[in-house]
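> no sequence on this one, just coordinates:
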């Protein structure tokens, strides 16, 4: 699996919000400055995250974005899926559906690709924003295998 730029930027933006929990809503400009992300692209990403229920926004003076849930309840899998769609190993279809097993060996491979996608989802869902906050603050050592 390759995490897209959108998935990376969305994760970085939400991590920034999680690192500053006591602040009022944070403007897109401030998030862009803290993370080094391009503001126009970040605006689009934050709208997608709002649509997925991961952030809330407030308009007007003092407006901006806040996390919609505590960092312990938001996973990297949810963030990536919100901006990139379902986390899958490929767009191959599912075994035994729509004639997917009509050709030699195809069903066996489709089952493996489906399992790989499930492992990717589970792994990304094993990391919360709270975990990332601890790691960013040096309170938790990075673990390559989690």
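It's in. From a predicted model like this one, the values you see are computed outputs, not experimental measurements. Residues are numbered from 1 along each chain as shown.

> how much space between the nearest residue to residue 73 once chain neighbours are set aside and residue 139?
Once flanking residues are discounted, residue 73 sits nearest to residue 128: 7.2 Å by CB to CB, 6 or more residues apart in numbering. Placement of C-beta: from N, CA and C, glycine included. Summarising the geometry, the distance separating residue 128 from residue 139, computed by CB to CB, to the nearest Å, is 14 Å.

> Settle it for me: which of the two has more neighbours?
Applying other CB atoms under 10 Å to residue 128 and residue 139 shows that residue 128 carries more neighbours, namely 19 against 9.

> Can you spell out which residues form a bridge with the residue nearest to residue 73?
On the basis of DSSP bridges, residue 128 takes part in beta bridges with residue 75.

> I'd say residue 32 and residue 40 touch.
No. The pair formed by residue 32 and residue 40 falls short of the contact definition of CB atoms under 8 Å, at 9.1 Å.

> And those two? Which one has more around it.
Taking other CB under 10 Å, residue 32 and residue 40 do not tie; residue 32 has more neighbours (19 against 9).

> For the more buried one, give me its contacts.
Taking CB atoms under 8 Å, 6 or more residues apart in numbering as the contact definition, residue 32 lies against 38-39, 42.

> for residue 130, same thing?
Under the criterion of CB under 8 Å, 6+ apart, the contact list for residue 130 reads 18, 70-72.

> same thing but 6 Å
With contacts defined as CB atoms under 6 Å, 6 or more residues apart in numbering, the neighbours of residue 130 are 71-72.

> Report pLDDT for it.
If you check residue 130, the pLDDT there is 95.

> Tell me the helices and strands packed up against the helix or strand of the chain with the lowest mean pLDDT.
Least confident helix or strand, the chain: helix 106-125 with a mean of 86, by mean pLDDT, DSSP states H and E. If contacts are counted by 3 or more CB pairs under 6 Å, 6 or more residues apart in numbering; DSSP states H and E, helix 106-125 sits against helix 76-84.
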